[in-house]
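Peer 1: just coords:
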């Protein structure tokens with residue numbers, strides 16, 4: 001684990017009153033110390049562990065988080081030292097008749113700036129599970145390091161073809177037996193079964209004679225006590241998944257205080273410890289640890305935690321994703337697993353939670369037939385968070401505010417589509433009015449809107465929301481809407497690409513050869529809104545969608561990265577652009593929609609995680625990505641048209 005004690009010292013002063021997991025008690029340091037023990041029962045051969053996040057941009061210059069492409073600090077990880085460490089691991093593997101299990105927590109490159117968060121989740125969920133820990137200790141030589149680009153090339157693990165964290169299984173000669181990258185769903189049972197299948201590839205290795213009890217790997221007095229704490233931990237996790245937040249937190253605290261030698265107490269403590277982004281450290285608090293079955297093929301070995309499916313599986317995938325969303329709603333009605341706090345500024349997180357809650361509630365409305373009773377209850381709780389006087393907090397004037405307003409308008413638009421009751425429709429329209437006012441007030445001098453700065457994609461999202469409000473009969477300031485279209489048009493280059501920020505294009509030639517790739521994700525959204533506003537045509541919109549299709553696979557390759565990786569492409573835009581591309585398809589003439597919709601459906605079905613969720617950037621979180629269910633509904637509808 002990172003130095004969570006150091007984290008706590010940095011975080012506690014800024015922890016807002018009443019924030020989830022706020023310590024408010026003198027035992028917070030003790031909880032942080034317990035949480036830091038996660039993963040400690042595996043005797044790793046390793047380089048230096050990651051340094052705790054802190055300060056501006058969470059210490060970009062430390063722990064492999066540098067902005068530039070040479071992101072590894074060579075003073076901390078020279079290749080010759082790593083070669084010696086790998087050689088030591090392989091020598092031990094030969095002498096002991098084992099494989100090397102190599103946990104690569106950081107790959108060289110600028111693709112990730114918060115990789116240590118995922119490293120923590122590995123410690124908390126995988127490397128503190130008694131059965132998995134016993135298996136690793138018994139059958140593998142454990143190695144844990146960063147990996148430079150040069151050395152990674154030799155082992156077939158180079159960003160951003162692969163993304164950390166990764167598990168490499170090496171034989172005694174240092175050859176790769178199997179590799180898993182893009183680990184984004186953490187399930188110890190799944191991981192243990194994968195480890196056993198890898199071992200089965202090498203039947204010549206000695207088998208375990210008598211497997212030692214899992215408790216032997218830990219400082220617990222006996223197996224019965226270990227099982228009792230496991231049961232207590234998972235009972236609290238079940239409470240958390242049921243939205244009974246206070247009960248879950250109290251149970252985790254009791255476990256941490258009464259059973260400090262149990263790995264489940266350490267994991268419980270991690271769910272209570274605050275961090276500099278003003279969320280809790282625990283994987284469970286961010287929906288990366290859950291109770292439930294994860295998919296694994298009946299035979300063979302996975303290379304990541306994706307569940308690649310086909311368009312014929314669309315309804316089943318949607319139903320699983322709906323169930324996932326229902327089990328991750330918080331007691332206050334929100335979906336707040338996101339820990340987006342870019343550049344060390346957690347003031348924006350509240351706005352992200354508001355926007356994501358609106359998206360998730362909209363997705364549930366769209367798929368209400370799967371579970372009318374459960375979804376109606378979840379949506380009612382979400383409305384309290386989105387609109388109630390004691391609901392969610394909004395940081396007016398902070399980044400992402402426009403999304404918090406625009407996506408609530410999207411929710412209200414879809415709610416209107418599902419009722420004919422005059423009183424209900426009137427109440428929904430009344431909720432739209434202050435959101436329209438707030439969006440109008442935040443329009444910039446350029447005519448654009450800003451998520452951090454003036455840009456085309458945020459402008460197009462706001463115009464979409466205002467257009468929906470106008471269609472519902474809500475008055476919108478037409479001059480402001482026209483200025484928004486002007487600002488969006490000014491961001492378009494002659495070839496139909498759009499500038500990333502500002503309104504500097506004005507129909508000029510595209511700035512560089514890769515700009516179509518860089519712009520591909522935002523092109524359908526932006527061109528679609530210009531078309532809806534009478535400033536474009538179906539031909540241009542079809543071109544935008546064709547460009548998106550041309551570069552989709554390249555974009556998908558960096559979807560799990562938390563920073564701009566391939567030029568302007570970054571994982572945090574991936575499902576944002578998927579959803580808005582699905583909306584743009586619906587703006588084409590009906591005859592032109594099916595080919596684009598069927599193509600996008602096929603791509604979407606390759607993206608579920610093994611737990612039924614969807615995920616691009618781990619920092620944005622699974623709830624936001626799983627709300628891509630909206631896109632699934634759109635493309636199913638448009639793909640059926642002939």
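Peer 2: Thanks, I have the structure now. Just so it is clear, the structure is predicted and the values come from calculations on it, not from any experiment.

Peer 1: run through the stretch 101-250 of the chain and note the low-pLDDT ranges.
Peer 2: For the stretch 101-250 of the chain, the stretches flagged by pLDDT under 70 are 208-221.

Peer 1: show me where it has helices.
Peer 2: All helices of the stretch 101-250 of the chain, identified by DSSP state H, counting those that start in this stretch, fall at 115-121, 130-139, 149-155, 188-200, 223-241, 245-258.

Peer 1: give me the distance between residue 331 and residue 241.
Peer 2: Counting by C-beta to C-beta, to the nearest Å, the gap from residue 331 to residue 241 is 11 Å. Heads up, the C-betas are built off the backbone N, CA and C, glycines and all.

Peer 1: comparing the two, which residue is more hemmed in?
Peer 2: Comparing residue 331 with residue 241 by neighbour count (other C-beta atoms under 10 Å), the higher total belongs to residue 241, at 19 against 16.

Peer 1: quick one: contacts for residue 518?
Peer 2: Contacts for residue 518 (C-beta atoms under 8 Å, 6 or more residues apart in numbering) come out as 497, 500, 567-569.

Peer 1: repeat that for residue 301.
Peer 2: 178, 194, 197-198.

Peer 1: what does residue 336 give?
Peer 2: Contact analysis of residue 336 by C-beta under 8 Å, 6+ apart lists 20, 330, 353, 356-357, 623.

Peer 1: out of those residues, who's the most crowded?
Peer 2: Within those, residue 357 tops the neighbour count with 32 neighbours, counted by other C-beta under 10 Å.

Peer 1: what are the phi and psi angles of it?
Peer 2: phi -60, psi -40 (degrees, to the nearest 10).

Peer 1: list buried residues within the contacts of residue 518.
Peer 2: Among the contacts of residue 518, those that count as buried by neighbour count (16 or more other C-beta atoms under 10 Å) are 497, 500, 568-569.

Peer 1: ok, residue 411 touching residue 360?
Peer 2: No: the criterion here is C-beta atoms under 8 Å, and residue 411 misses it with residue 360 at 9.3 Å.

Peer 1: and the gap between residue 538 and residue 596?
Peer 2: Between residue 538 and residue 596 the computed distance is 12 Å (C-beta to C-beta).

Peer 1: find residues that contact each of these two.
Peer 2: Residues touching both residue 538 and residue 596 comprise residue 588, with contact defined as C-beta under 8 Å, 6+ apart.

Peer 1: higher neighbour count, the two?
Peer 2: residue 596 (25 against 13).

Peer 1: contacting residues for the more buried one?
Peer 2: Here residue 596 is in contact with 542, 545, 549, 585, 588, 638 (criterion: C-beta under 8 Å, 6+ apart).

Peer 1: pretty sure the last one contacts residue 591?
Peer 2: No: if you go by C-beta under 8 Å, residue 638 and residue 591 don't touch, sitting 11.0 Å apart.

Peer 1: settle it for me: which of those two has more neighbours?
Peer 2: Neighbours were counted for residue 638 and for residue 591 using other C-beta under 10 Å; residue 638 has more, 22 against 10.

Peer 1: and the more buried one, what is it in contact with?
Peer 2: Residue 638 neighbours (C-beta under 8 Å, 6+ apart): 582, 585-586, 593-594, 596-597.

Peer 1: let me see the domain layout of the chain.
Peer 2: 4-270, 311-639 (automatic domain parsing).

Peer 1: those domains: lowest mean pLDDT?
Peer 2: Ranked by mean pLDDT, the domains of the chain bottom out at domain 4-270, which scores a mean of 83.

Peer 1: measure residue 238 to residue 247 for me?
Peer 2: Relative to residue 247, residue 238 is positioned 10 Å away (C-beta to C-beta).

Peer 1: same question for residue 370.
Peer 2: Going from residue 370 to residue 247 by C-beta to C-beta gives 27 Å.

Peer 1: mind checking how far stretch 635-642 is from the chain centre?
Peer 2: Its chain's C-alpha centre and that of stretch 635-642 lie 28 Å apart, by C-alpha atoms, centre = their mean, to the nearest Å.

Peer 1: please identify the buried residues of that stretch?
Peer 2: Quick answer for stretch 635-642 (16+ other C-beta under 10 Å): 635-636, 638-639.

Peer 1: kindly report the same for stretch 415-424.
Peer 2: Neighbour-count burial for stretch 415-424 [16+ other C-beta under 10 Å]: 415-416.

Peer 1: same thing with stretch 196-211?
Peer 2: Within stretch 196-211, the residues scored as buried using 16+ other C-beta under 10 Å are 197-199, 205.

Peer 1: then stretch 89-97?
Peer 2: 89-90, 92-93.

Peer 1: could you do stretch 428-447 as well?
Peer 2: For stretch 428-447, the neighbour count (16+ other C-beta under 10 Å) marks 428, 431-432, 435-436, 438-440, 443-444, 446-447 as buried.

Peer 1: over to stretch 31-44?
Peer 2: For stretch 31-44, by 16+ other C-beta under 10 Å, it's 31-42, 44.

Peer 1: same deal with stretch 320-332?
Peer 2: 320-332.

Peer 1: of these, closest to residue 507?
Peer 2: Checking the buried residues of stretch 320-332 against residue 507 by C-beta to C-beta gives residue 321 as the nearest, at 40.8 Å.

Peer 1: which other helices and strands does the host helix or strand of the closest one contact?
Peer 2: Here residue 321, judged by DSSP states H and E, is contained in helix 314-326. Under the contact criterion of 3 or more C-beta pairs under 8 Å, 6 or more residues apart in numbering; DSSP states H and E, helix 314-326 touches helix 349-366, helix 372-387, helix 622-626, helix 629-639.

Peer 1: for the spatially closest residue to residue 311 that is not a sequence neighbour, give its distance to residue 102.
Peer 2: In this structure, residue 311 finds its nearest non-sequential neighbour in residue 601, 5.0 Å apart by C-beta to C-beta, 6 or more residues apart in numbering. Separation of residue 601 from residue 102 (C-beta to C-beta): 37 Å.

Peer 1: looking at the buried residues of stretch 196-211, which one is closest to residue 168?
Peer 2: Using C-beta to C-beta, the buried residues of stretch 196-211 come closest to residue 168 at residue 198, 10.4 Å.

Peer 1: just checking, the closest one touches residue 176?
Peer 2: No: the pair residue 198 / residue 176 is not scored as a contact, 10.8 Å apart, by C-beta under 8 Å.
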